[in-house]
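**Q** here's a sequence, model it:
(chains A and B)
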Amino acid sequence: MNFMASKQPENSLLGPEADSQRTLYPYVTGTSVVALKYKDGILMAADMGGSYGSTLRYKSVERMKPIGKHSLLGASGEISDFQEILHYLDELILYDNMWDDGNSLGPKEVHNYLTRVMYNRRNKFNPLWNSLVLGGVKNGQKYLGTVSMIGVNFEDNHVATGFGNHLARPILRQEWHENLSFEDGVRLLEKCMRVLLYRDRSAINKLQIAKITEEGMTISQPYSLKTYWEFSAFANPAQGAVGSW
Amino acid sequence: MTKQQANWSPYDNNGGSCVAIAGADYCVIAADTRMSTGYNILTREYSKICKLADKCVMASSGFQADVKALQKNLAARHLIYQHQHNKQMSCPAMAQLLSNTLYYKRFFPYYSFNVLGGLDNEGKGCVFTYDAVGSYEKVGYSSQGSGSTLITPFLDNQLKSPSPLLLPVQDAVTPLVEAEAIDLVKTVFASASERDIYTGDKVEIVVVNAAGIRREYMELRKD
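**A** As a prediction, the model looks like this:
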């Protein structure tokens, strides 16, 4: 889908010095975030891994954070860029609070702000290398949206980033319905996270699930999923087809 | 050690098809609601249609972030126009504004393929069709986006477009009545969904006429 992509660096007229001023590739990355709307609000799950290429460098990275009173932000991609975004949002929420007018930014507003930030950075060829998931509840209205590193954004009843789009969305399309209970929502998210654990090589078995409702936000203690590795096909993979294929 | 090249593209194609048909006293603008990237569907319920003015509606497909930015840009410019002129922008005026806005980014384009539809100053239907850098033309009907290669030949056949070489110049505004045009749009999207993987889920149909603007939906194949 790269009709208008050029493989030349876009600043080739400036020369190599200018490259140190822009993001070219990510270093420490987080993998998928999966989220869904349920009866009382939003449930979001992400593991706690921070990969440095193929090395699993950090194993206690919190990739979901509360924003203001009404929103929850989950991020995949470059961790340092996520920390930068949290810094921008801190300032946004601070200025919002300083008005002291009883109004507060809801998830829709925060999502719009993030979309503008990501798009503007993409316009300057210096992207924040993240895929963000923004969920929340305000005045009884549930909201769940996502924005990518080039500014593509939308809202839906369930969203996922990275591998989650390939592995979790199909499960969610099949099994999600309006007014899921909390237990059903968690079970559905765990099902998605388990598939990701089996099939995404950058996933680790240490995850958190965050919940946000009108009352507020809670984030679970890190825990791991039960896995099963005794499938007979894995026990003797070459049976019936000796060789490397 | 060769210099590391950037491995990301500022563009993506989020797919979808748009159609607009002009009639004697109405205009039908339609687009599917599927948003994709590569071989994935991101969401099945995303609107590509934006009301820019009372009698002027735009449908755009292509790179969603650019489409959104373009819609916001035009909506803001329209608000300023209303403050300065104390009236709504006409469809031909908006058509020129859109062309200028697109060409402004001629050297880092909005990857957005647009059709603009509405009523002109006499209340007659008009459709304007664009490329990504603002080249535009007033036509009787048009389609853009991933399904346009499948849709345009069918519209050419059904709407019996007169040759543009004939004199006196005949415009291609269709003599079809509103209900027939809407039926044609539904047929066209159902057909495009069969063969274009990026078109499907639902079609959103917006009709602009003297009574105002109304919207209807039709389900399409989800595969």
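
**Q** quick one, phi psi at residue B:220?
**A** Main-chain torsions, residue B:220, degrees, to the nearest 10: phi -130, psi 170.

**Q** that one and residue B:204 touch, don't they?
**A** No: contact criterion C-beta atoms under 8 Å: residue B:220 and residue B:204 do not qualify, at 10.5 Å. In this view, the C-beta of every residue, glycine as well, is placed from N, C-alpha and C.

**Q** which residues are in contact with each of these two?
**A** Residues within reach of residue B:220 and of residue B:204 at once, by C-beta atoms under 8 Å, 6 or more residues apart in numbering or on different chains, are residue B:32.

**Q** secondary structure element holding residue 190?
**A** No chain specified, so I'll use chain A. helix A:182-199 (DSSP states H and E).

**Q** please refer instead to chain B.
**A** Applying DSSP H and E, one finds residue B:190 within helix B:178-195.

**Q** hmm, who's touching the helix or strand just after that helix?
**A** Using DSSP H and E, the next helix or strand after helix B:178-195 towards the C-terminus is strand B:202-209. With C-beta under 8 Å, 6+ apart as the test, strand B:202-209 has contacts from B:25-34, B:44-45, B:47-49, B:51, B:55-57, B:59, B:117-119, B:125, B:178, B:182, B:185-186, B:189, B:213-220.

**Q** try it again with 6 Å
**A** Strand B:202-209 has contacts (C-beta atoms under 6 Å, 6 or more residues apart in numbering or on different chains) with B:26-33, B:47, B:49, B:55, B:57, B:118-119, B:185, B:189, B:214-220.

**Q** for the longest helix along chain B, give the mean pLDDT please.
**A** In chain B, taking DSSP state H as the definition, the longest helix is helix B:64-85. When pLDDT is averaged over helix B:64-85, the result is 98.

**Q** show me what that helix is packed against.
**A** strand B:49-53, strand B:112-119 (3 or more C-beta pairs under 6 Å, 6 or more residues apart in numbering or on different chains; DSSP states H and E).

**Q** what packs against the helix holding residue B:190?
**A** Packed next to helix B:178-195, using 3+ C-beta pairs under 6 Å, 6+ apart, are strand B:17-22, strand B:26-32, helix B:148-158.

**Q** and the first one with helix B:178-195, angle?
**A** Orientation note: strand B:17-22 sits at an angle of 160 degrees relative to helix B:178-195 (axes from the mean of the first three to the mean of the last three C-alpha atoms, to 10 degrees).

**Q** mind listing what's buried in strand B:17-22?
**A** Going by neighbour count (16 or more other C-beta atoms under 10 Å in any protein chain shown), the buried part of strand B:17-22 is B:17-22.

**Q** partners of the one helix or strand residue A:159 maps to in the sheet?
**A** Per DSSP H and E, residue A:159 falls inside strand A:158-160. With DSSP bridges as the test, strand A:158-160 is paired with strand A:33-38 (antiparallel).

**Q** can you pull out the low-pLDDT segments for chain B?
**A** Where chain B drops to pLDDT under 70, the residues are B:1, B:3-6.

**Q** tabulate the helices and strands packed on helix B:64-85 (a markdown table), appending distance to chain A.
**A** Below are these laid out as a markdown table (distance: least, C-beta to the nearest C-beta, whole Å):
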| stretch | distance to chain A |
| --- | --- |
| strand B:49-53 | 15 |
| strand B:112-119 | 11 |
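
**Q** just those: most buried one?
**A** Each of the helices and strands packed on helix B:64-85 was scored by mean neighbour count; the highest is strand B:112-119, a mean of 28, by mean count of other C-beta atoms under 10 Å in any protein chain shown.

**Q** show me what the helix or strand following that one is packed up against.
**A** Next in sequence after strand B:112-119, counting helices and strands by DSSP H and E, comes strand B:125-130. With contacts taken as 3+ C-beta pairs under 6 Å, 6+ apart, strand B:125-130 sits against strand B:17-22, strand B:112-119, strand B:136-139, strand B:141-145.

**Q** what ranges does chain A have for its strands?
**A** Per DSSP state E, chain A carries strands over the ranges A:28-30, A:33-38, A:41-47, A:50-52, A:55-58, A:64-67, A:71-78, A:130-138, A:141-147, A:153-155, A:158-160, A:207-213, A:217-219.

**Q** please state the offset of the last one from the chain centre?
**A** It refers to strand A:217-219. 16 Å (C-alpha atoms, centre = their mean, to the nearest Å).

**Q** before we move on, what about the first one?
**A** With C-alpha atoms, centre = their mean as the basis, strand A:28-30 stands 11 Å off its chain's centre.

**Q** do that strand and chain B meet at all?
**A** No: Strand A:28-30 stays clear of chain B (C-beta under 6 Å from any C-beta of the partner chain), getting no nearer than 13.5 Å.

**Q** partner strands of that strand, with direction?
**A** As assigned by DSSP bridges, strand A:28-30 forms pairs with strand A:50-52 (antiparallel), strand A:71-78 (antiparallel).

**Q** how about residues contacting that strand?
**A** Strand A:28-30 has contacts (C-beta under 6 Å, 6+ apart) with A:50-52, A:63, A:76-79.

**Q** so how do I select the buried members of those in ChimeraX?
**A** Command for ChimeraX, covering only those of the contacts of strand A:28-30 found buried under the criterion 16+ other C-beta under 10 Å:
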select /A:50,51,63,76,77,78,79
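
**Q** compile the contacts of strand A:28-30 into TSV and extend it with columns for distance to residue A:40 and pLDDT.
**A** Output for the contacts of strand A:28-30, formatted as TSV (distance: C-beta to C-beta, whole Å; pLDDT from 0 to 100):
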residue	distance to residue A:40	pLDDT
A:50	31	97
A:51	33	97
A:52	37	97
A:63	22	98
A:76	25	98
A:77	29	97
A:78	32	97
A:79	30	98
